[in-house]
Structures are given as structure tokens and as C-alpha cells.
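Asker: this is the structure alone, sequence omitted:
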């Protein structure tokens, strides 16, 4: 009886576990109602092998294969949920980045515990599958002729089902390999990434702006301070059709009224970001380079190239160029070797001594204040800067509050981060609270920008404010787009005359009818609008 029970368990493992990648991919338990190809093949292989040691190696290899497929399927589901993309087997660095996000959300001890648990389950599954394959093989051998006929019958049923393409339940094929499908999917994406890397040199070599004389670059912006303000996770869902968009919309309406009262104008549209939910640097490099950079591997190749970027154009045309990334804790070599910034600001060199707020080490308001005091105040050569405003970065709690600009000082005025049991763990206990916290973080980031413009009047300032990507699926919802708002703010009518052909909408709040470009189109259209015609 015990032997039969163990045999039943072994069969169930061989039938069910290899089909789990299909369940994950299709979000349907109906994918379990079919025959797993890999299990049938391994039992056939074991039956034909007379050497016990070799059979054990084959069984173990089978277990590893299925577990690798399970890992790929799980990663793919996680990437689809968090980043609205599929897992690329050539880009394991993103797994590390994802683990960092998990750490920020639930804390390092809990994240490590989860990782160790997953590793232990994976190892146990390899052993269990190898044991199950060997157990079934042993039962077939003990049964002699009857076992051989049983194996032959099952194989014949599988072969007929595979050849006929028959369907069992909910359109599921009778014979299939979910494990092979999971590995194949990740491999196909890796192949596409390699092809994109191969195209990159040609795209760089055929850039019409790289050879443009510096005297012709950005002539319509001479004397202007230009800030590209990337607002973290500022996506289309922040301004349209969600439970939290009404609050953001009100901030934008109030901001429009304030800007008008101060003599500013604004025009807005949407861009399609190459990324979703994270990996912000793909959006930054896409906007700057005019190339579609949607994977880490292509990004790695781009930043080791000589592609002409927006920061290059401003530098060549006589601007001082600045990168301000308040979340960076280490020197950023590619800021000088690829983007060629003259000044690099990060968390270590802006004098901030206040508390951190989740991922965001420095509140956006402090970032604006320090940048103005050290780069814009007093007589200066025109400045072009890309600044990352990260107070709206996940986990969206705890959140700083605006303080009087004259009292900011070294940042110690900001309220300290709550202690253990803080608002981060409270917020992430409920998706609705996460969504509300996200909306509040966007309101804060936009409010900090509007407050800055109100308190530090610069008639020569041009701000390009945009999102880098939509927030994660827990906020954006399943199947959300990659669209992000973009706005240009200036007091000079000539700025808007130069982009009149863009047909952007007036104000800070783009509607569903606003123009939509790929983010990679921005560089060429911007240079074309503000540079001397070639």
C-alpha cells in the first residue's frame, strides 16, 4: 500500500509540476489538464538506459530543467506585473534591481528570507522531481511486460494527441511542454535584445545631428537655463481615469493658475516610455539619445558608445551641463564618459543632513533649492541640467512635506522618518493604500516644482517636466500603457513659437486627445525646433 501511495505521489509530481509554468503564463488552472511532454520523454529515456548511475543523472537533469523553467516563468510573471514586460534571459542584472525594490518595500531581512525560501523550494523541487522520475521508472521495471505496455500506451496517447493537435479543456492542447515554452520565451526575448544591440552601431553612425556645427545648435534657446525634470513614476494613470488622478489633476489646475499669474505658459503632451514600473535610466537614455533603449543590455552598449545626446548638444553650444541624481550614493562614471556632464550632483555632495524618505534619500524640494542656490543664483553661464526628482519613487511612503523655503537649510527641518512599524509597512498592506500613497507622492513632487517656480523667479528658465515611466501594476493596473505626461514651461513666447508645429495642448494637464510620441522621437524634434535649420 505504501509503495502504491508513493507511486501515485510520484506520478502526480511528474504530471502537475512541469505544467505549472503554463499556469503562470496563462493565469489559468486549465493549463494543468494536459500531458507534459518533458515527463513522458524522461520516463522513456530512463526506460532505455540500463545503467543506474546514468539514470540518476538524467533524472536530476530533468528536475533542473523543469525548475529552471519554473524560475523563468516566475520571473516573467513578476516582470510582467511590475514592469509590464517579459523576462529577458540575457538581462539578469534586472533581477538584482528588482530585488532592491523588494528590499525597499518590505525591508532587507524579509527580502533575504524570501530569497532563501525560494532557493530552498527550488532545490527541494529538483530533488522531488528526480525522485519521482526514478520512482516511476522503478515501478515500470518491476511490472515487466505489463509496465512496458503501460508506458507504450501512454506514449501512444501523447503522440496521437500531439499529432492531432487535440484540445482538452478551455482550448488547452492535450500534449504540450510548458517548461520548454517558458525557456523558449525568455530565449526569444534575449535574441531580440542581441539583434537590437547589433543595430545600434548603424543607428549611431547615421545620426544627422552628430556632425551639426556647434554654432547651429540650440540657437533659439541662447541665454536660457534649461532643466529636464524627470518626475519619478509620473505616468498617464496619475492624470487620467483613476481613483487618485483627481487629486493630481487639482494640483495641475492650481499650478496652471499659479503659472499664468506669474507670466509663465505651459504646453503638454504624452510620450511612450520604453520602460514601465522601474529601470528609469532606460527612459533617461532614450530621451537623451533619440534611440529606443528598452533593455539593460542595449543600454549597457549605448553608454559605451559615442552617441550624440541632448547634454552633448547643450555642452557643445556653450551651456554648463549638470546632472543631479539625489538617489545616487556612488560616483557615476558614465555621467562624464557618455553624457559628458560638467557637474555631477548626488546624495554625497549636496550638503543634505536630513532624514531619508524610503527610496528617496533627499526630498524634491531640497533638490530644487540646492540646484537653484548653487547653479542658477547670481550671474552665470546658461545651465542645462537633467534632474531626477525621486520623492515619488516606490514605495511611496513615508512622504516629506513642503516647508518654508527660507528654512530648508541643510534639510534637518524635515520631519524624521517614522520608526519601526512606520507608514511604509502600513501602506503596502493594502493595494488601495498603495495607490493613494502614489497619488500623494506625485502631488508632492508637482507641488514642489510649482512652489519652486513661485519662489524663485527666473525669466530665462525653461523647464521640461516629464515622467520616466508608469508606476508598477499594483498602481497602474493590468494592461496599462507606457504613456507618461510631458510639459514645457517658460515665460518666453518664442519658446512656444518654436514648437507650434508640435500642436501640444495648453496647460500642464494633457487630455486623452493630446499628441503622443515615442520618447525616442523627442531628441530630434527638440533639436530640430530650437537649432538653426540645416
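Answerer: Arrived safely. Since we're looking at a predicted model, the values are computed, not measured.

Asker: quick one: the strands in this structure?
Answerer: Ranges of strands within the chain are 35-36, 175-176, 225-231, 265-272, 320-325, 343-346, 383-389, 461-467, 483-490, 505-506, 516-518, based on DSSP state E.

Asker: check these for me: which has the lowest mean pLDDT.
Answerer: When the strands of the chain are ranked by mean pLDDT, strand 175-176 comes last with a mean of 47.

Asker: okay, now the unreliable bits of the stretch 101-250 of the chain?
Answerer: The stretch 101-250 of the chain contains residues with pLDDT under 70 at 101-107, 143-197.

Asker: how many neighbours does residue 529 have?
Answerer: Residues within reach of residue 529, counting by other C-beta atoms under 10 Å, total 17. Heads up, the C-betas are built off the backbone N, CA and C, glycines and all.

Asker: that older thread, switch the strands of the chain over to CSV; also include distance to residue 376 and mean neighbour count.
Answerer: Formatted as CSV, those follow (distance: least, C-beta to C-beta, whole Å; neighbours: other C-beta atoms under 10 Å):
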stretch, distance to residue 376, mean neighbour count
strand 35-36, 64, 23
strand 175-176, 62, 20
strand 225-231, 6, 24
strand 265-272, 19, 22
strand 320-325, 10, 22
strand 343-346, 12, 19
strand 383-389, 6, 24
strand 461-467, 8, 22
strand 483-490, 15, 24
strand 505-506, 26, 14
strand 516-518, 29, 14
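
Asker: possible to save the ones you listed as TSV with distance to residue 237?
Answerer: Formatted as TSV, the strands of the chain follow (distance: least, C-beta to C-beta, whole Å):
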stretch	distance to residue 237
strand 35-36	39
strand 175-176	36
strand 225-231	13
strand 265-272	12
strand 320-325	24
strand 343-346	29
strand 383-389	18
strand 461-467	10
strand 483-490	9
strand 505-506	18
strand 516-518	15
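
Asker: wait, which of these is closest to residue 496?
Answerer: strand 265-272 (6.0 Å; C-beta to C-beta).

Asker: list the beta-bridge partners for residue 320.
Answerer: residue 383 (DSSP bridges).

Asker: state the distance from it to residue 341.
Answerer: Separation of residue 320 from residue 341 (C-beta to C-beta, to the nearest Å) stands at 9 Å.

Asker: same question for residue 455.
Answerer: 26 Å.

Asker: please, where are all the helices along the stretch 1-150 of the chain?
Answerer: Taking DSSP state H, counting those that start in this stretch to define them, one finds helices in the stretch 1-150 of the chain at 2-16, 20-26, 37-48, 52-83, 93-106, 108-143, 145-164.

Asker: of residue 455 and residue 341, which one has the most company?
Answerer: Of the pair residue 455 and residue 341, residue 341 is the one with more neighbours under other C-beta under 10 Å, namely 24 against 13.

Asker: residues contacting the residue nearest to the more buried one when sequence neighbours are not counted?
Answerer: What sits nearest to residue 341 in space, not counting adjacent residues and going by C-beta to C-beta, 6 or more residues apart in numbering, is residue 323, at 4.3 Å. By C-beta atoms under 8 Å, 6 or more residues apart in numbering, the contact set of residue 323 is 311, 332, 335, 339, 341, 343, 344, 345, 385, 386.

Asker: show the contacting residues for the residue lying closest to residue 322 once chain neighbours are set aside.
Answerer: Once flanking residues are discounted, residue 322 sits nearest to residue 385: 3.9 Å by C-beta to C-beta, 6+ apart. Residue 385 makes contact with 226, 227, 228, 321, 322, 323, 324, 371, 375 under the criterion C-beta under 8 Å, 6+ apart.

Asker: burial of residue 44, as a residue count?
Answerer: Residue 44, neighbours per other C-beta under 10 Å, totals 16.

Asker: and it, how far is that from residue 133?
Answerer: 11 Å.

Asker: now do residue 282
Answerer: Applying C-beta to C-beta to residue 282 and residue 133 gives a distance of 42 Å.

Asker: quick check: residue 469 touching residue 281?
Answerer: No - the criterion here is C-beta atoms under 8 Å, and residue 469 misses it with residue 281 at 10.6 Å.

Asker: the more surrounded of those two?
Answerer: residue 469 (27 against 18).

Asker: residues contacting that one?
Answerer: Residue 469 touches 233, 235, 273, 275, 276, 277, 278, 279, 280, 283, 482, 484, counting by C-beta under 8 Å, 6+ apart.

Asker: now those residues as TSV including distance to residue 307?
Answerer: Formatted as TSV, the contacts of residue 469 follow (distance: C-beta to C-beta, whole Å):
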residue	distance to residue 307
233	26
235	26
273	19
275	18
276	23
277	25
278	23
279	19
280	19
283	16
482	22
484	22
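
Asker: of the residues you listed, which is the nearest to residue 495?
Answerer: Distances from residue 495 to those, taken by C-beta to C-beta, are shortest for residue 484, at 21.0 Å.

Asker: look up which residues are beta-bridged to that closest one.
Answerer: With DSSP bridges as the rule, residue 484 is bridged to residue 271.

Asker: so what's it up against?
Answerer: Contacts of residue 484 (C-beta under 8 Å, 6+ apart): 234-236, 270-273, 283, 466-470, 519.

Asker: could you measure from it over to residue 493?
Answerer: Relative to residue 493, and taking C-beta to C-beta, residue 484 is found at 26 Å.

Asker: equivalent analysis for residue 516, please.
Answerer: For residue 516 relative to residue 493 (C-beta to C-beta), the value is 25 Å.

Asker: which residues are in contact with the residue lying closest to residue 433 once chain neighbours are set aside?
Answerer: Counting by C-beta to C-beta, 6+ apart, residue 433 lies nearest to residue 427, which is 4.7 Å off, once chain neighbours are set aside. Contacts were defined as C-beta under 8 Å, 6+ apart; by that measure residue 427 touches 395, 396, 397, 433, 434, 437.

Asker: with those in mind, which one is nearest to residue 207?
Answerer: Closest to residue 207, out of all of these and judged by C-beta to C-beta, is residue 396, at 38.1 Å.

Asker: I figured the closest one hits residue 440, correct?
Answerer: Yes - with contacts counted by C-beta under 8 Å, residue 396 reaches residue 440, the gap being 7.5 Å.

Asker: which one's more surrounded, those two?
Answerer: Neighbour count, other C-beta under 10 Å: between residue 396 and residue 440, residue 396 has more, with 32 against 18.
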